[in-house]
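Chemist: kindly return the folded structure for what I paste below:
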Amino acid sequence: MRIGILQTGQSPEPLREEAGDYPDMFTVLLAHPELSFQRYDVEHMQFPADVHECDGWLITGSRHGAYEDHAFIPPLEDFIRKSIDAGVPMVGICFGHQIIAQAMGGKVERYEGGWAVGPQTYDFEGEPVTLNAWHRDQVTRRPEGARVIACNEFCANAALVYGETALTIQAHPEFRDAFVEGLITTRGPGVVPDPLMAAAREKLGQGNDSGRIARRIADFFLRRG
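Modeler: Numbers count the residues shown, from 1 in each chain. Purely as a prediction, here's the structure:
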């Protein structure tokens, strides 16, 4: 099954040599003998010709806000709607989670409660799941028909499903602890409050559930392949 990775941003250049770019992280996270991957740099307007060009789609994270004025956002929203209408399975992570919600009629905003950085624990369909996060924007109103499958006190719409066609997650199962540490160093200063970054650092290295969520994402694609 071929998964098209729709890249909507780039990892920080100082971290890229060791950690790779966002598509590299997902290729590692979702490594499975029945899955192959193709990359599309949609941030720079490299779009698939058709929603059936791949068997499934994954939208990455990004520094951009879904509500911002960027050339790639309107065609990406159009692609999302066409893909979901056609029943092609789609997964969205962080920005991907947000842009799918926005494309389907939900609302994304800069959250007045601030940032989520580092390990966060969610109620994921009745079970605790800990994943790394890095976001201030949130889905503040989910689209009609979207069902919440994960939340916590900070993020009410932490994961959503759209029928049998789309699965979206606000946190970053693809972010290893070392990469989050790198983000704290390269992107955090002057943007994320220092006490929040210090608290995130204390939680790193204690393990998380990215493997469980990776299996869930892979199973989601394979069941529909």
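
Chemist: can you list the low-confidence ranges for the chain?
Modeler: Judged by pLDDT under 70, the chain has its weakly predicted residues at 225.

Chemist: what ranges do the helices span in it?
Modeler: 13-19, 22-29, 73-85, 95-103, 177-186, 194-203, 210-223 (DSSP state H).

Chemist: got JSON lines for those helices, with mean neighbour count too?
Modeler: All C-beta atoms are positioned from the backbone trio N, CA, C, and that covers glycine. What follows is these, written out as JSON lines (neighbours: other C-beta atoms under 10 Å):
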{"stretch": "helix 13-19", "mean neighbour count": "13"}
{"stretch": "helix 22-29", "mean neighbour count": "20"}
{"stretch": "helix 73-85", "mean neighbour count": "18"}
{"stretch": "helix 95-103", "mean neighbour count": "27"}
{"stretch": "helix 177-186", "mean neighbour count": "18"}
{"stretch": "helix 194-203", "mean neighbour count": "15"}
{"stretch": "helix 210-223", "mean neighbour count": "17"}
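
Chemist: what's the closest of these to Tyr111?
Modeler: Tyr111 lies closest to helix 95-103 among the helices of the chain, at 10.9 Å (C-beta to C-beta).

Chemist: can you count the residues close to the closest residue in space to Gly9 that isn't next to it in sequence?
Modeler: Using C-beta to C-beta, 6 or more residues apart in numbering and skipping residues adjacent in sequence, the residue nearest Gly9 is Ser62, 3.1 Å away. Other residues lying near Ser62 total 24 when counted by other C-beta atoms under 10 Å.

Chemist: ok, Ser62 touching Phe95?
Modeler: Yes - contact criterion C-beta atoms under 8 Å: Ser62 and Phe95 qualify, at 3.9 Å.

Chemist: can you give me the end-to-end distance of stretch 47-62?
Modeler: 16 Å (C-alpha to C-alpha, to the nearest Å).

Chemist: show me how far that stretch is from its chain's centre.
Modeler: Here stretch 47-62 is found 14 Å from its chain centre; the criterion is C-alpha atoms, centre = their mean, to the nearest Å.

Chemist: now Val51, nearest residue through space, not along the chain?
Modeler: Excluding its sequence neighbours, the residue lying closest to Val51 (C-beta to C-beta, 6+ apart) is Ser83, at 4.3 Å.
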